[in-house]
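Undergrad: below is the sequence, then the predicted model.
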There are 2 protein chains.
Amino acid sequence: MRDGHRTARILLVSRSERAYHHGDLAAALEAAAFELVDEAGHSSLSLREVARRADVSHNAPYHHYGDRASLLARLGALSMGGLLDRLEAAQRRTADRPPTERASAIAAAYIGFAADNHARFRLMNDPEICDPRHPSASMAPLLERVHGMLAELVDDLDPQAEPAGRAALRTAIWGAVHGLAELVVTGQIDRAEVAPALDALLGGHAPRPADPSTPPPSTA
Amino acid sequence: MRDGHRTARILLVSRSERAYHHGDLAAALEAAAFELVDEAGHSSLSLREVARRADVSHNAPYHHYGDRASLLARLGALSMGGLLDRLEAAQRRTADRPPTERASAIAAAYIGFAADNHARFRLMNDPEICDPRHPSASMAPLLERVHGMLAELVDDLDPQAEPAGRAALRTAIWGAVHGLAELVVTGQIDRAEVAPALDALLGGHAPRPADPSTPPPSTA
DNA sequence: CGCGCATCTGGACACTGCCAACATGCGCGA
DNA sequence: TCGCGCATGTTGGCAGTGTCCAGATGCGCG
């Protein structure tokens, strides 16, 4: 440390040359954490490595997140937000198209997000991190909106079904879309197999498999 | 340690009163590991705790599994074996019934296993542990058999579809069943919602939701 | 100006996975 | 039958981790 004048000028700007207070450390931590998650999955994420990448001490994160689990829960909620953005974009893009096409577009968006964000998708579906049954789940309102979209969709697909049948159809479709996403993420099926399967399921015409109009979500 | 005669007689039988060689340590380690997995999920499993429960030194497991990942992979393969057992039992039980009923029974068995074994189901579906793309995946032959069952089933359900359609229907059904299981495991839907959804999906009559004829798999 | 408190720091502890070196005793060949 | 090799077990050690504690820093408000 102390070597005569001030402090050693290490390569570039080191922590010692920065203001003591960071400014927006929480965001920087989340960005660094997403970097790690995308690189190697959330199970190997280390709070200390996050702090290192944000160029702060190993204890700084504790002033923004009580513990590792809280950080991961936050990342999960952010990821769910990213998924929801894609779903709503697909919904808007097909607002004036027939229901089957809308259903296909939304399903493709769901699975596309999972395929583009393996690690985040697994993170937000890990019940040890984001358990919807937990009372303080910050994901609850987001899940609510996903459910809402699904309900609306199924109502459009089959307007004259009685309530019980609609509920059953809703969870069936949800399960199928979610399951296909999971199979892609775990590498059990190839992404190319998704569109035909969706076709078989919804009967309608699935949109082109690639979905370039919605870029992968940024960290923010 | 040394307190006069022999060695301290600690409560019950301690490691020091046991034969130096264990006999079947591998099995004991797997049993202890499954215990931990079932209690708190595989992410928090610690090799040292496994060794402690098997009453051996913290390094003994390394002579049976190269590292933590290998132990978990082994547990994953064992779990997959348990699932396969249930599926084949359901298949045998409905061998002479109509295809839709057989499909319902097998789907219910799949989801029932997941519901009864949350932690093991998650373990064997974690791509960081059991990646089917990995060449040395010991689960490959098991997955093969699951695929075989699925193929046979879909062929029975729709005998005169052309190959492409059958493949699509196969992954669609697989995805739906897998997705419903995942939704139950992550707590996003209740187990009771499964049967109606399967009904909506397969059209047929699903078997009773509970499935008492196949007890939960033992550790072995 | 000065005080409080959110923020950030280094140090410490218990725990972990894994490596290296040594101990034990079963099984097999001479 | 002996004794030697090697799988199986042991203790010890290292680096890395999550979390707690006590102190340093500096922004904002009286």
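TA: Received it, and whenever you're ready, just let me know what you need. Everything quoted here is computed from the prediction, not taken from an experiment.
Undergrad: now do the helices in chain A.
TA: A:25-40, A:47-53, A:68-93, A:99-116, A:118-124, A:140-157, A:163-185, A:194-202 (DSSP state H).
Undergrad: which secondary element of chain A has the worst mean pLDDT?
TA: One helix or strand of chain A scores below all others by mean pLDDT, DSSP states H and E: helix A:140-157, with a mean of 90.
Undergrad: quick check, that one touching chain B?
TA: Yes - Helix A:140-157 lies within reach of chain B by Cβ under 8 Å from any Cβ of the partner chain, at A:L143. Just so you know, the C-beta spots here come from the backbone N, C-alpha and C atoms, and that holds for glycine as well.
Undergrad: which one is A:L36 nearest to, not counting chain neighbours?
TA: Spatial nearest neighbour of A:L36, excluding adjacent residues (Cβ to Cβ, 6 or more residues apart in numbering or on different chains): A:L45 at 5.0 Å.
Undergrad: neighbours of that neighbour, just the number please.
TA: Other residues lying near A:L45 total 22 when counted by other Cβ atoms under 10 Å in any protein chain shown.
Undergrad: sorry, back to before: mean pLDDT lowest where, among the helices of chain A?
TA: Least confident of the helices of chain A, judged by mean pLDDT, is helix A:140-157 with a mean of 90.
Undergrad: buried residues in that one?
TA: Residues A:L142, A:V146, A:M149, A:L150, A:L153, A:V154, A:L157 are the ones in helix A:140-157 that count as buried (16 or more other Cβ atoms under 10 Å in any protein chain shown).
Undergrad: tell me how far the second one lies from A:G81.
TA: A:V146 sits 11 Å away from A:G81, going by Cβ to Cβ, to the nearest Å.
Undergrad: so what's the most centrally placed residue in chain A up against?
TA: Nearest residue to the geometric centre of chain A (Cα atoms, centre = their mean): A:S79, 2.6 Å. Counting by Cβ atoms under 8 Å, 6 or more residues apart in numbering or on different chains, A:S79 touches A:N117, A:R120, A:F121, A:L123, A:M124.
Undergrad: next one: A:G187
TA: Counted by Cβ under 8 Å, 6+ apart, A:G187 has contacts B:P127, B:D131, B:P132, B:R133.
Undergrad: what does chain A put close to DNA strand C?
TA: When proximity is defined as Cβ under 7 Å from any atom of the strand, chain A approaches DNA strand C at A:15, A:20-23, A:25, A:56-60, A:62-64.
Undergrad: mind redoing it with 6 Å?
TA: A:R15, A:Y20, A:H21, A:H22, A:L25, A:V56, A:S57, A:N59, A:A60, A:H63 (Cβ under 6 Å from any atom of the strand).
Undergrad: need the pLDDT of the residue lying closest to A:D131 once chain neighbours are set aside.
TA: Ranked by Cβ to Cβ, 6+ apart and with sequence neighbours excluded, the top spatial neighbour of A:D131 is B:G187, at 5.8 Å. Reported pLDDT at B:G187 in the predicted model: 94.
Undergrad: now B:G187: phi and psi?
TA: Torsion angles at B:G187 (phi, psi; degrees, to the nearest 10) stand at phi 80, psi 20.
Undergrad: which helices and strands does the least confident helix or strand of chain A pack with?
TA: Contacts defined by 3 or more Cβ pairs under 8 Å, 6 or more residues apart in numbering or on different chains; DSSP states H and E place helix A:140-157 against helix A:68-93, helix A:99-116, helix A:163-185.
Undergrad: then the second one to CSV, C-alphas only?
TA: So the one you mean is helix A:99-116. C-alpha atoms of helix A:99-116 as CSV (Å, rounded to 0.1, in the frame of the first residue of the first chain):
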residue,chain,number,x,y,z
PRO,A,99,-55.8,-16.2,-31.6
THR,A,100,-54.0,-19.3,-32.7
GLU,A,101,-51.3,-17.2,-34.3
ARG,A,102,-51.1,-15.1,-31.2
ALA,A,103,-50.8,-18.1,-29.1
SER,A,104,-48.0,-19.4,-31.3
ALA,A,105,-46.1,-16.1,-31.1
ILE,A,106,-46.3,-15.9,-27.4
ALA,A,107,-45.3,-19.5,-26.9
ALA,A,108,-42.4,-19.0,-29.3
ALA,A,109,-41.4,-15.9,-27.3
TYR,A,110,-41.4,-17.8,-24.1
ILE,A,111,-39.3,-20.6,-25.4
GLY,A,112,-37.1,-18.2,-27.3
PHE,A,113,-36.3,-16.4,-24.1
ALA,A,114,-35.4,-19.6,-22.4
ALA,A,115,-33.2,-20.7,-25.3
ASP,A,116,-31.4,-17.3,-25.4
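Undergrad: now that helix and helix A:140-157, what's the angle there?
TA: Inter-element angle recorded for helix A:99-116 and helix A:140-157: 150 degrees (by axes from the mean of the first three to the mean of the last three Cα atoms, to 10 degrees).
Undergrad: check the first one too.
TA: Relative orientation of helix A:68-93 versus helix A:140-157 (the same axes, to 10 degrees): 30 degrees.
Undergrad: how far out from the middle of the chain is helix A:68-93?
TA: From the chain centre to the centre of helix A:68-93 is a distance of 4 Å (Cα atoms, centre = their mean, to the nearest Å).
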